[in-house]
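>>> Would you be able to build a 3D model of this:
(one chain, ligands or ions: 1)
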Amino acid sequence: MSKNQVVRKAVMPVAGLGTRFLPATKATPKEMLPVVDKPVIQYVVEEAVAAGLEDILFVTGRAKRALEDHFDFNGELERLLIEKKDEKRLKEVRAASELATIHYARQGTAKGLGHAVLCAKQHVGDEPFAVFLGDEIYPEGSKVLARMFEVLSEFGGSVLLLKKVSKAEVSRYGVAQVKATAQSDVVQVTDLVEKPDANEAPSDLAVMGRYVLSPAIFEILENTKPGRGGEIQLTDAIQVLAQGKGPDSAGLVHGLIYDGVRFDTGDLAGYLETVVEFAANRADVGPEFKSWLKNYVSTL
Ligand code: G1P
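Numbering: from 1, shown residues only. Alright, predicted model coming up:
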């Protein structure tokens, strides 16, 4: 991959069953759960668009129709809002369908994150691409992807987003073994382990849900055997690149160390924290919500 190649495409695996949120996710995709009044996945799509990625591939599965409808045009609703002269809501409804060009690929059976990314092979082709895990939200203006693209243009290959986590948390993530580079917030990733036990983790640097990957990953994923949990793990395929065992053109793997805020809506507690923080920061409902919240907290 040439060092100056620009990333144009985003891949978002959204085929997960969302079992942690049952019964809410029995018929509703977990990506459609609202954070205040916007589905989680829309924040993620907006982040991709803000990073200049307007070609987005959702790797979906069964029961994800609501996701497709959300990013599509809804003539009936728009006509109703036009009749009511509700400009504000009309703008919001249109925004979701005008954000980006969204494509869909079906994962069929859910065989893991690595398998979901492999389903993007045909759409992505032979260019570097970004992967966004749909349950993480980064604050507006955090410029995570922009900085990852800078690292890509400097080092080539693939770029991971790494964040320090506590010892108790390492077993929830892919964890990187790293060595320093001349830049304080960039490391070279030399090895990776998916969800290690706390005492076997090579560091406290966990892989977060934003990746910039060399297309060489597809060839590796095709040969990646099921790993942790019997699933084809993206981490295992990236490890091949990190160890320099990928195709010659693949390049190595670097990590951007991020110490900013990240919202993890992937489990119930994280989701609730995200909703409360976003609600408190809203210009419209925020003041009223915060005054209720302060009062409520004082009763706990
Ligand atoms: C996935 C990856 C893991 C990564 C994590 C980030 O795990 O497999 O390496 O650290 O996302 O959130 P999941 O959360 O899907 O179990």
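
>>> Just confirm yes or no for stretch 272-282 near the ligand.
No - for a cut-off given as C-beta under 6 Å from any ligand atom, stretch 272-282 has no contacts with the ligand; the smallest distance is 14.0 Å. In this view, the C-beta of every residue, glycine as well, is placed from N, C-alpha and C.

>>> Return the distance of that stretch from the chain's centre.
When C-alpha coordinates are averaged (C-alpha atoms, centre = their mean, to the nearest Å), stretch 272-282 and its chain have centres 19 Å apart.

>>> who's in contact with the helix or strand bottoming out on mean pLDDT in the chain?
Across the helices and strands of the chain, mean pLDDT, DSSP states H and E gives its lowest value to helix 87-98, namely a mean of 85. Contact with helix 87-98 is made by 42, 70-74, 77-78, 81-82, as judged by C-beta atoms under 8 Å, 6 or more residues apart in numbering.

>>> Go ahead and confirm residue 169 touches residue 206.
Yes - under the criterion of C-beta atoms under 8 Å, residue 169 makes contact with residue 206 at 7.0 Å.

>>> Any idea how far the host helix or strand of residue 149 is from the middle of the chain?
In this structure, residue 149 sits in helix 144-155 according to DSSP states H and E. Distance, stretch centre to chain centre, for helix 144-155: 16 Å (C-alpha atoms, centre = their mean).

>>> other SSEs contacting it?
Here helix 144-155 touches helix 40-50, strand 158-164, strand 186-194, strand 205-213, strand 253-257, going by 3 or more C-beta pairs under 8 Å, 6 or more residues apart in numbering; DSSP states H and E.

>>> how distant is the second one from the center of its chain?
The gap between the average C-alpha position of strand 158-164 and the chain average comes to 12 Å, counting by C-alpha atoms, centre = their mean.

>>> So that strand, near the ligand or not?
No - contact between strand 158-164 and the ligand, assessed by C-beta under 6 Å from any ligand atom, is absent, since the two come no nearer than 9.0 Å.

>>> How about the longest one?
No - using C-beta under 6 Å from any ligand atom, helix 40-50 stays clear of the ligand, with a minimum separation of 12.5 Å.

>>> The residue in the chain that the ligand sits nearest to bridge partners, please.
Evaluated by C-beta to the nearest ligand atom, the chain has residue 174 as its residue closest to the ligand, separated by 2.7 Å. When bridges are called by DSSP bridges, residue 174 pairs up with residue 194.

>>> That one contacts residue 205, doesn't it?
No - proximity of residue 174 to residue 205 does not meet the contact threshold set by C-beta under 8 Å, at 9.7 Å.

>>> Residue 33 contacts residue 271, correct?
Yes - taking contact to mean C-beta under 8 Å, the distance of 6.8 Å between residue 33 and residue 271 places them in contact.

>>> so what sits against both of these two?
When C-beta under 8 Å, 6+ apart defines a contact, the residues bordering residue 33 and residue 271 alike are 21, 265.

>>> hang on, the earlier thing: who has more neighbours out of residue 169 and residue 206?
Under the criterion of other C-beta atoms under 10 Å, the comparison of residue 169 against residue 206 puts residue 206 first, with 22 against 15.

>>> which residue sits closest to the more buried one, ignoring its sequence neighbours?
The shortest distance from residue 206 to any non-neighbouring residue, by C-beta to C-beta, 6 or more residues apart in numbering, is to residue 173 (3.5 Å).

>>> and if you look at residue 110?
The shortest distance from residue 110 to any residue that is not its chain neighbour, by C-beta to C-beta, 6+ apart, is 5.3 Å, and that residue is residue 15.

>>> what's around the one you found, how many residues?
Neighbours of residue 15 (other C-beta under 10 Å): 24.

>>> Pull up the residues of the protein that are close to the ligand.
By C-beta under 6 Å from any ligand atom, the part of the chain that sits against the ligand consists of 113, 133, 173-174, 194, 206-209, 233-235, 266.
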